[in-house]
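Chemist: My questions concern the predicted model and sequence given below.
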Amino acid sequence: MWALTKKIGSIAAALVFISSVNLAQAQDDHPAQVLVETAITDMLGFLSENVDAAKEDPSILQAKVDEVVVPHIDFETMTRLSIGKNWRLADEQQQVELVSEFKTLLLNTYTTAMTQYGGEEVKFERFRPENREDRAEVRSAFMQSGSSEVPVIYKLREKGGWTIYDIEVAGLSLVNNFRQTFTDKINADGIDGLLAFLKERNQG
């Protein structure tokens, strides 16, 4: 599972690297589409000028991620979906800790993968409306050198602003990918066991 998570994290992180984004076109699209494309362009501009410095001092990259990426991710919803029905087994303090540890896990994976960029590109599709006005999907394709395109879909919801609650890579949902492992850990060791598992991963 963690190998697959690393793959998903690497592809998701690679989405910050796009050779060109037509922002004039993006402005005519759905606000969720504009949000994703604009954030990616911002990260690209930063990394093109600071990638070497970011590799030497991770705090530089972390600060930019906190500014550009973190505000657009719904970590609480992503955590709840990843834990599934077992979320109700956690008390209030455990839920707070689960969100915090899961956030750390995702951001560690994301920032690490961003430093491994090898010149890949991304294409965005035109926005297609969903059945619900408070849901949106931003579709893209990750262009791997010498291989086929990998479809990547950002799933967002609107609740006082558009935020990402899942990422689907080549048909694999990030939250669904985590859910089976988390369910197995909770069944074996309870909520505290899952927390211990996440903390160990984040310290490793």
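Modeler: Received it, and whenever you're ready, just let me know what you need.
Chemist: Where do the strands of the chain begin and end?
Modeler: With DSSP state E as the criterion, the chain has strands at 121-124, 135-143, 149-158, 162-169, 172-173.
Chemist: Can I get these in CSV including distance to Ala196 and mean neighbour count?
Modeler: Using the backbone N, CA and C atoms, a C-beta is placed for each residue, glycine as well. CSV is the format used below for the strands of the chain (distance: least, CB to CB, whole Å; neighbours: other CB atoms under 10 Å):
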stretch, distance to Ala196, mean neighbour count
strand 121-124, 37, 18
strand 135-143, 34, 19
strand 149-158, 29, 19
strand 162-169, 25, 21
strand 172-173, 25, 15
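Chemist: Could you identify which of those has the lowest mean pLDDT?
Modeler: Comparing mean pLDDT across the strands of the chain, the weakest is strand 121-124, with a mean of 78.
Chemist: Give the partner strands of that one in its sheet and their orientations.
Modeler: strand 135-143 (antiparallel) (DSSP bridges).
Chemist: Okay, Gln33 and Leu172: tell me how far apart.
Modeler: According to CB to CB, to the nearest Å, Gln33 and Leu172 sit 22 Å apart.
Chemist: thinking again about what came up before, so which of the strands of the chain gets nearest Arg88?
Modeler: strand 162-169 (18.5 Å; CB to CB).
Chemist: Against which helices or strands is the closest one packed?
Modeler: helix 2-14, helix 31-56, helix 75-83, strand 149-158, helix 174-203 (3 or more CB pairs under 8 Å, 6 or more residues apart in numbering; DSSP states H and E).
Chemist: give me that answer again for 6 Å
Modeler: Contacts defined by 3 or more CB pairs under 6 Å, 6 or more residues apart in numbering; DSSP states H and E place strand 162-169 against helix 2-14, helix 31-56, strand 149-158, helix 174-203.
Chemist: List the buried residues in the longest one.
Modeler: Burial within helix 174-203, assessed by neighbour count using 16 or more other CB atoms under 10 Å, is assigned to 174-175, 177-179, 181-183, 185-186, 191, 194-195, 197-198.
Chemist: Now do the residue nearest to Lys55 when sequence neighbours are not counted against Asp57, distance only.
Modeler: In this structure, Lys55 finds its nearest non-sequential neighbour in Thr115, 5.4 Å apart by CB to CB, 6 or more residues apart in numbering. Counting by CB to CB, the gap from Thr115 to Asp57 is 11 Å.
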